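A.B. asks: Pasting the sequence and the predicted coordinates here, then a few questions.
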Amino acid sequence: MIDFSGVYKSFAEQDLLVNANLRISPGEKIGLIGPNGAGKSTLFNMLTGDMAPDKGSVSKPANARLGYLKQQLPDDVKDISVLDFTADAIPELKVTLNKIKDLEICLQESDIDSESILKQIGNLQHKYEALGGYSIRTDAAVILSGLGFHPERLNEKLSAFSGGWQMRAGLARVLTAKAEIMLLDEPSNYLDIPAVEWLQRYLRSFKGTLLLISHDRYLLNSLTNITVEISNGILSRFSGNYDFYEREKEQRIVSQKAAKLNQDKKKEQIERFVERFRAKNTKASQVKSRLKSLEKMEDIRIAVQRNNAPIRLPVPPHSGAEIIRLENASVSYGKDGFHLDNINLSIERGSKTAFIGYNGTGKTTLLKVIADVLPLNSGKRILGHKVVIGYQAQEFADVLPSEQTLYDIMRAALPVGADAKMIRKILGSFGFSGTDIDKQCRVLSGGEKIRLSFARIFIASPNFLILDEPTTHLDLYTRESLQKAIREYKGTVCLVSHDIEFVRNAADTIIEMRPPGIKKYYGNFDYYREKKELENKNNLPESGSEKKSSDKDSKKQQVYNPKAERRERAEKRKLVSKEKKSLEQKIEAAEKNLDKLEIEKSEIIVLIEANSPDLDFKKVNTRLIQIESEIAGVTAEWEENSLKLEEIMEEYP
């Protein structure tokens, strides 16, 4: 059991935690969310003992092994190999092994009780085995491979890898430790999409307690069953994943507003009574009693609602139907001679294309070629009619000159001959007020930096956006705002992102990097995954009773027979038609029920907002809470049945 009891923590003038109380039971999977700087990492540091609360207590199981992914590795580990660093994940293993070696040396002495020592060695060997000592290097190698490390590089020193790959090794070390309590602080920050998917599959089978700080909705939704929000110093617990939290928080705010109205009304009644009868001796005891009840009332705090300025992308100027075309394009760079060869690619007007693949497969390189930042070694790059490019490099938000103002940044990007009055207009359309124009970049939040980045791009009125990791360092709310803006944008977009939910919601076309080439999928991310699964299935080697007697034949790839597959699917479709009908009926009934509940909810909210003196707030508020609970239950049932139906419809349309 992990307990935060009456915890207070502040830095300078900011209160990070105010009377925070939280209990985490063994095996719970916690998603820890909140604005940047709200205190999420502080919570982790208290659990590890690196930081103490100003007031209150933090407790955890005394003998529980804790695994903690920090945001930076110590310098003293960078001269050992990746595999050695990762396998050295359980300090107790080294201690146990050294004890075994010391006892083995003792056995060589003549005047010792060898039977007793052998017994001790046996006990230590059992302990070593139970801790996974005999398989830990193999486990470490498997995990490193899953996170994208090439097997041939596992014996290279950590210092030979970039900071991002070193952080991957740090994550691999935490996973290898198989701790009872795992603390992961932004584990997907340096991962590409394949590695994020592997991590999700690995953590799904984790049996211990997981605390996850992440801006990745895919991980939060698929791995956590409890969400804890830190906001304005308050810890709030929600019994579900991130999607559940979003729905429940809005419902809580409605309930809190109703309760606050009710409380304010009671306070006003008490204050009127006291004011009226304060001077009357016959009412003295009643006045005193009411004043005591007023003092005991704890103010109801309404949760802070999102106040993020939305990202609105202006309507782009018209362009030709084909935005850009690459013909037999080849490019190479770097000391390792990385290359992409014979790339043939066409981007159509209005498409939203995401480039995905492991880090190092050329995603950023191809974006630079498309943006005309990196020249081709051979082949053609043909830009479409009236196409204007807006390119955001991966590092733009990180290299903003800290002392420059918003006006300075925009002025530098202003096209030759353009009117400087446009600067205020464009900044305004991206949520910056008139007084913001003189702000220096060093005071901007991550969300403000990304909005400034887009404002800078749009001062040239582009109709083709090329975005390299636009979600880096953005909080959950800004990511959602950006994906919505891209989805609704009338122009064309090419992007690279490791955020699966962002790609799923923003892109309608996927290009997979397969160096030295690419493969294009005319569908969204879910369509791409379905096709990949089919490709992998068809490329599996034959095994067991299906093996051919000839060694030559056994090496042949399985032949895809579309006619046989159609016949098999038709037979299966008959079997699932009854289940489809049942699911459709359940979904329809749930939707009708939800409509009724939403109508009743809206009517109650109207009554509350009207603040009628005859309204029984307690009764109405109780019913509102019941409705929210019923909506959550029906929605969960609807989602479960809809997901089943969707899976059936995808396989048997």
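C.D. replies: Okay, I see it.
A.B. asks: what ranges do the strands span in the stretch 151-300 of the chain?
C.D. replies: 181-185, 209-213, 226-231, 234-238 (DSSP state E, counting those that start in this stretch).
A.B. asks: Residues contacting the third one, please?
C.D. replies: If you take Cβ atoms under 8 Å, 6 or more residues apart in numbering as the criterion, strand 226-231 is touched by 16-17, 22, 24, 28-35, 38-40, 43, 220, 235-242, 244-245, 249, 303-304. All C-beta atoms are positioned from the backbone trio N, CA, C, and that covers glycine.
A.B. asks: Number of residues surrounding residue 426?
C.D. replies: The number of residues packed around residue 426, counting by other Cβ atoms under 10 Å, is 21.
A.B. asks: Might you report the residue contacts of it?
C.D. replies: Counted by Cβ under 8 Å, 6+ apart, residue 426 has contacts 410, 455, 458-459.
A.B. asks: From the residues you listed, pick the one nearest residue 437.
C.D. replies: residue 410 (8.3 Å; Cβ to Cβ).
A.B. asks: Which element, helix or strand, includes the closest residue to the closest one other than its chain neighbours?
C.D. replies: Of all residues not flanking residue 410 in the chain, residue 423 sits nearest, at 4.5 Å (Cβ to Cβ, 6 or more residues apart in numbering). Element membership of residue 423, judged by DSSP states H and E, is helix 422-429.
A.B. asks: List the buried residues for that helix?
C.D. replies: Under the neighbour-count criterion of 16 or more other Cβ atoms under 10 Å, helix 422-429 has 422-424, 426-427, 429 buried.
A.B. asks: So which of those residues sits lowest on pLDDT?
C.D. replies: Lowest-confidence member of the buried residues of helix 422-429: residue 429, scoring 74 (pLDDT).
A.B. asks: That one contacts residue 314, doesn't it?
C.D. replies: Yes - at 6.2 Å, residue 429 counts as touching residue 314 under the criterion of Cβ atoms under 8 Å.
A.B. asks: Could you tell me which residues touch both of those two?
C.D. replies: residue 458.
A.B. asks: re the thing from before, which members of the buried residues of helix 422-429 are the farthest-apart pair?
C.D. replies: Greatest spacing in the buried residues of helix 422-429, by Cβ to Cβ: 423 and 429 (11.2 Å).
A.B. asks: picking that back up, between the contacts of residue 426, which is nearest residue 171?
C.D. replies: For those, the nearest to residue 171 is residue 455 (34.8 Å; Cβ to Cβ).
A.B. asks: check contacts around that closest one.
C.D. replies: Residue 455 touches 406, 410, 426-427, 429-430, 432, counting by Cβ under 8 Å, 6+ apart.
A.B. asks: can we see that at 6 Å?
C.D. replies: 426-427, 430 (Cβ atoms under 6 Å, 6 or more residues apart in numbering).
A.B. asks: Of those residues, just say which sits nearest to residue 323.
C.D. replies: Closest to residue 323, out of all of these and judged by Cβ to Cβ, is residue 426, at 22.6 Å.
A.B. asks: tell me the most buried of the strands of the stretch 151-300 of the chain?
C.D. replies: strand 209-213 (a mean of 23; mean count of other Cβ atoms under 10 Å).
A.B. asks: Give the other helices and strands that that strand contacts.
C.D. replies: Counting contacts by 3 or more Cβ pairs under 6 Å, 6 or more residues apart in numbering; DSSP states H and E, strand 209-213 packs against strand 29-33, strand 181-185.
A.B. asks: Read off the pLDDT value for the residue nearest the centre of the chain.
C.D. replies: Residue closest to the average C-alpha location in the chain (Cα atoms, centre = their mean): residue 216, at 0.6 Å. Residue 216 carries a pLDDT value of 91.
A.B. asks: same thing with residue 128?
C.D. replies: pLDDT at residue 128 comes out at 86.
A.B. asks: And for it, nearest residue in space, chain neighbours not counted?
C.D. replies: Sequence neighbours aside, residue 96 is the residue nearest to residue 128 in space, at 4.9 Å (criterion: Cβ to Cβ, 6+ apart).
A.B. asks: Over to that neighbour. Which of the three states is it?
C.D. replies: helix (DSSP: H, G, I helix; E, B strand; the rest coil).
A.B. asks: tell me the contacts of it?
C.D. replies: 124, 127-128.
A.B. asks: lowest confidence element among the helices and strands of the chain?
C.D. replies: helix 551-554 (a mean of 40; mean pLDDT, DSSP states H and E).
A.B. asks: Show the average pLDDT along stretch 45-58.
C.D. replies: So the average pLDDT for stretch 45-58 ends up being 92.
A.B. asks: which SS class is the closest residue to residue 326 other than its chain neighbours?
C.D. replies: For residue 326, ignoring the flanking residues on the chain, the nearest one in space by Cβ to Cβ, 6+ apart is residue 345 at 4.5 Å. Using three-state DSSP, the structure places residue 345 in strand.
A.B. asks: cool, and residue 328?
C.D. replies: strand.
A.B. asks: That one against residue 342, yeah?
C.D. replies: Yes - applying Cβ atoms under 6 Å as the test, residue 328 and residue 342 come out as touching, 5.2 Å apart.
A.B. asks: Could you measure from the nearest residue to residue 14 once chain neighbours are set aside over to residue 186?
C.D. replies: Once flanking residues are discounted, residue 14 sits nearest to residue 37: 7.9 Å by Cβ to Cβ, 6+ apart. With distances taken as Cβ to Cβ, to the nearest Å, residue 37 is found 14 Å from residue 186.
A.B. asks: more neighbours, those two?
C.D. replies: Using other Cβ under 10 Å, the more surrounded residue of residue 37 and residue 186 is residue 186, with 18 against 14.
A.B. asks: returning to that earlier point: tilt between the helix or strand following the helix holding residue 423 and helix 422-429?
C.D. replies: Sequence order places helix 446-458 as the next helix or strand after helix 422-429, per DSSP H and E. Helix 446-458 and helix 422-429 are oriented at 140 degrees to each other (axes from the mean of the first three to the mean of the last three Cα atoms, to 10 degrees).
A.B. asks: next one: helix 446-458 to chain centre, how far?
C.D. replies: 21 Å (Cα atoms, centre = their mean, to the nearest Å).
A.B. asks: Quick check: next helix or strand after that helix?
C.D. replies: For helix 446-458, the following helix or strand on the C-terminal side (DSSP H and E) is strand 464-468.
A.B. asks: buried sites along that next one?
C.D. replies: Quick answer for strand 464-468 (16+ other Cβ under 10 Å): 464-468.
A.B. asks: Now the residue nearest to residue 22 when sequence neighbours are not counted: which helix or strand?
C.D. replies: Leaving out its chain neighbours, the residue that sits closest to residue 22 by Cβ to Cβ, 6+ apart is residue 4, at 4.3 Å. Residue 4 belongs to strand 2-11 when assigned by DSSP H and E.
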